[in-house]
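Q: turn this into a structure:
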Amino acid sequence: INAEYGEVTSGGVALKFYSSQRLEVRRIGSVKKGEEFTGNMIKVKVAKNKLAPPFRAVTLELDFKTGLSRSGELIDLGVKLGFIEKSGAWLSYKDTKIGQGREKAKAYLDENPEIANELESMIRTAVFAKGDDEVTVPSFISVEDDEKGDAVDFELDEK
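A: Numbering: from 1, shown residues only. Modelled structure (predicted):
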């Protein structure tokens with residue numbers, strides 16, 4: 001971190017003014033399986049965006065073998081939207097216990113791609129439900145409108 005500029009970008013100072021989009025990627029934790037490190041939890045923040053609203057942030061799991069963890073995101077969003085029930089460490093989907101702990105639930109979804117695809121379609125339907133000409137916004141998303149009534153910004157409300 002540079003005290004004068006706040007951050008150092010490769011290619012000099014001009015790059016941060018020239019670029020249309022910049023992302024800050026930070027490691028916030030490690031993912032371990034037993035004694036072995038299998039990945040990192042990362043936080044990605046949009047530092048600059050000329051094309052859409054900036055300063056959005058997301059936390060992702062980066063697996064060293066497979067990249068971004070699809071099954072981990074399905075579990076996180078499924079719990080948040082209520083499709084996956086969490087009781088202590090146990091996670092269950094439609095009266096079926098899928099695992100004790102997040103890692104075992106991820107392994108279950110990786111072994112059963114039809115259930116993972118079904119869960120993904122339910123999540124996509126809940127978040128991006130569309131009518132004929134209108135987009136129906138679920139109640140857990142708050143939308144800000146501009147003066148013309150066009151939606152310009154949205155964020156997930158915390159439960």
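Q: from here on, contacts and neighbour counts on C-alpha atoms
A: Fine.
Q: and residue 29, how far from residue 110?
A: As for residue 29, its distance to residue 110 is 23 Å (criterion: CA to CA, to the nearest Å).
Q: who has more neighbours out of those two?
A: residue 110 (15 against 12; other CA atoms under 10 Å).
Q: ramachandran coordinates for that one?
A: Torsion angles at residue 110 (phi, psi; degrees, to the nearest 10) stand at phi -70, psi -30.
Q: repeat that for residue 22.
A: Taking degrees, to the nearest 10 as the convention, residue 22 sits at phi -140, psi 140.
Q: pLDDT on the helix or strand that contains residue 103, on average?
A: Here residue 103 sits within helix 102-111, counting by DSSP states H and E. Mean pLDDT, helix 102-111: 92.
Q: that one packs against which elements?
A: Helices and strands touching helix 102-111, as assessed by 3 or more CA pairs under 8 Å, 6 or more residues apart in numbering; DSSP states H and E, comprise helix 70-81, strand 96-100, helix 113-127.
Q: show me where pLDDT drops low in the protein?
A: Along the chain, segments meeting pLDDT under 70 span 1-11, 130-159.
Q: name the surrounding residues that touch the helix holding residue 103.
A: Contact partners of helix 102-111, identified using CA atoms under 8 Å, 6 or more residues apart in numbering, comprise 71-72, 75, 89, 91, 98-99, 115-116.
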